[in-house]
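In: Model the structure of this input:
(chains A and B)
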Amino acid sequence: MTPIIEAEWAVLRRRSSAKAMWVASAVIPLLVVLGYRSLMGDGDSGLQFNGQPIDQLISFSGPDAAQFSLRARNFFIIPLFLFFLSGQTLAGERSTHVLREQLVRPVSRTHLLLSKVAVLWAWSAVSILLNLSIALMIATPLLGSDGPWAEIFIGHFATLYTDLGLIVFGMLISAYARSAATVVVFGMISLGADWGVRLGLSGLGFLGVESASVFGRFMPGTGLNFWASIEEGWHPEVAVCLLVWTGVMALVLQRRVASMDVP
Amino acid sequence: MASDALVTTGLSRRFGAREALRDLTLAVRPGEIYGFLGPNGAGKTTAIRCILGLIASDRGHVEIFGESDRVSRLRMVGAMVETPAFHEFLSGVENLELSARYAGLTLDVVGPALESAGLAGRGDDLVGTYSLGMRQRLGLARAILGEPKLLILDEPTNGMDPRGMAEVRELLCRLSADRGTTIFVSSHLLSEVEKMCTRVGILDQGVLVAESSVGGDLEALYLSSTEARST
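Out: So this is what the prediction gives:
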């Protein structure tokens, strides 16, 4: 399978959208640190919230900036890139007939699919590393080193896991869609709908409907937010939820790819 | 006894109510150039896609040099289906290198294949800048990577000028004569097939209506075979 992975990597690294994802991963921490720096000022920024100086409400250390940078990365921007790249990798290649050219070679469809997922995952891993290293390299000298170091590393590591879930979800949509744009639109709508349902369920939970909050814990979006929930403590059921959803999606994806007609 | 290069047995495929391919049974002998003729929509490309495993057949069986497993049989095949597709943002050489990797071949097979297809000077250009004829040549170069035992080509001279068509014909004849490559080529150009092939099969409305050695009046055979079914 190594030559297939090499080939997929060679294609991905030449895609403008893939390069843009890395650039975004590097720019996000830069903007966050600059934003933190301007809010922090020289300790007397004058900005207040509810009558209190803002630098007493928010912690402005380097690790805090790295943590916020991860939130910014995982909110909307990188999922969008991951959906787009998943779309280009399968739906795009299928509609431009490039997938056909790969499959007239002695390549198992499952191996090809695994290679595509593995390469996208490796790409997202570099993006996480870029996000973390740039945030820490710039933020720590500028803002200091006190902060939640353990949570930062665990959060970034957990993002690797949640990115895999997003990639598999993107590839699953891609196996049925005709273009990368469709994958992005459907993917983002699905995430939005999931968020809306979870919000409704937590509202019901607040009103005393216990089963609603239990149900909410097993929604796909709960699993995809594993990286965030880990900051509030270890919730194994969230990790299991993500594992189950990713596994089910991977199974459906594999069956679809194995049986689909390639034009 | 050596296996036939390509054998299809009762190959059938339906798209909704339309039967695109019905009980296609044929055998291509090693070393021969087999012309697969038929009018537009006869089912030639569907047959080729079934042979290559791009689409599943509803019924029937495919063997290439005795191998029926899709991956095993494709180890012996180089193929070009319709207009070849490439990553437009990569050069010709890079596209061929990808294909070599997928096929598990070393990258040194790329240069000779490009040269054989007459693209040695343009290999480093982005495919996005290639003309239709050059894309056909690049598709052909990709198909002959690693000197496969069987070449399956779907309209390989599509979009080429007369000189290009003659060069492709010459290349295919040379591959067959020098390396003993078996070639299964679909076309609707009778004159091309007549000059190049040793045997032909004529497909019409998904059915193999005639098979013959090249030598007689191919046009008359083609017209009578396809006319008989359309009336």
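
In: Which secondary structure element is home to the spatially most central residue of chain B?
Out: By Cα atoms, centre = their mean, the mean C-alpha position of chain B lies nearest to B:Leu153, the distance being 1.4 Å. Assigned by DSSP states H and E, B:Leu153 falls within strand B:150-154.

In: quick revisit: how about the secondary structure of the residue nearest to the residue nearest to the centre of chain B when sequence neighbours are not counted?
Out: Closest residue to B:Leu153 apart from its sequence neighbours, by Cβ to Cβ, 6 or more residues apart in numbering or on different chains: B:Val185 at 4.6 Å. Glycine gets a C-beta too; all of them are placed from N, C-alpha and C. Judged by DSSP: H, G, I helix; E, B strand; the rest coil, the three-state class of B:Val185 is strand.

In: quick revisit: give the buried residues for the strand holding B:Leu153.
Out: By 16 or more other Cβ atoms under 10 Å in any protein chain shown, the buried positions in strand B:150-154 come out as B:150-154.

In: just stretch A:226-238 next, same as before
Out: For stretch A:226-238, the buried set under the neighbour-count rule, 16+ other Cβ under 10 Å, comprises A:226-230, A:238.

In: And the contacts of that stretch?
Out: Stretch A:226-238 is contacted from outside by A:67, A:70-71, A:74, A:148, A:151, A:154-156, A:158-159, A:161-162, A:217-218, A:222-223, A:225, A:239, A:242, using Cβ atoms under 8 Å, 6 or more residues apart in numbering or on different chains.

In: What helices and strands are in contact with the helix-or-strand element of chain B with minimal mean pLDDT?
Out: The least trusted helix or strand in chain B, going by mean pLDDT, DSSP states H and E, turns out to be helix B:218-230, with a mean of 79. Contact here means 3 or more Cβ pairs under 8 Å, 6 or more residues apart in numbering or on different chains; DSSP states H and E; on that basis helix B:218-230 packs against helix B:190-196, strand B:199-204, strand B:207-213.

In: could I get the ones you listed as TSV with mean pLDDT and mean neighbour count?
Out: Listed next are those as TSV, based on pLDDT from 0 to 100; neighbours: other Cβ atoms under 10 Å in any protein chain shown:
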stretch	mean pLDDT	mean neighbour count
helix B:190-196	89	17
strand B:199-204	94	22
strand B:207-213	92	16
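
In: Can you lay out the ones you listed as JSON lines showing distance to chain A?
Out: As requested, these are exported to JSON lines (distance: least, Cβ to the nearest Cβ, whole Å):
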{"stretch": "helix B:190-196", "distance to chain A": "22"}
{"stretch": "strand B:199-204", "distance to chain A": "20"}
{"stretch": "strand B:207-213", "distance to chain A": "21"}
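
In: and of the ones you listed, who's closest to B:Thr226?
Out: Across the helices and strands packed on helix B:218-230, B:Thr226 has its closest neighbour in strand B:199-204 (4.6 Å, Cβ to Cβ).

In: related to what we said a few turns ago, out of the buried residues of stretch A:226-238, which one sits closest to chain B?
Out: A:Trp227 (32.3 Å; Cβ to the nearest Cβ).

In: returning to that earlier point: and the least confident helix or strand of chain B with strand B:199-204, angle?
Out: Between the axis of helix B:218-230 and that of strand B:199-204 there is an angle of 30 degrees, by axes from the mean of the first three to the mean of the last three Cα atoms, to 10 degrees.

In: Compute the first-to-last residue distance for stretch B:20-39.
Out: End-to-end span of stretch B:20-39 (Cα to Cα, to the nearest Å): 13 Å.

In: Thanks again, I'm all set now.
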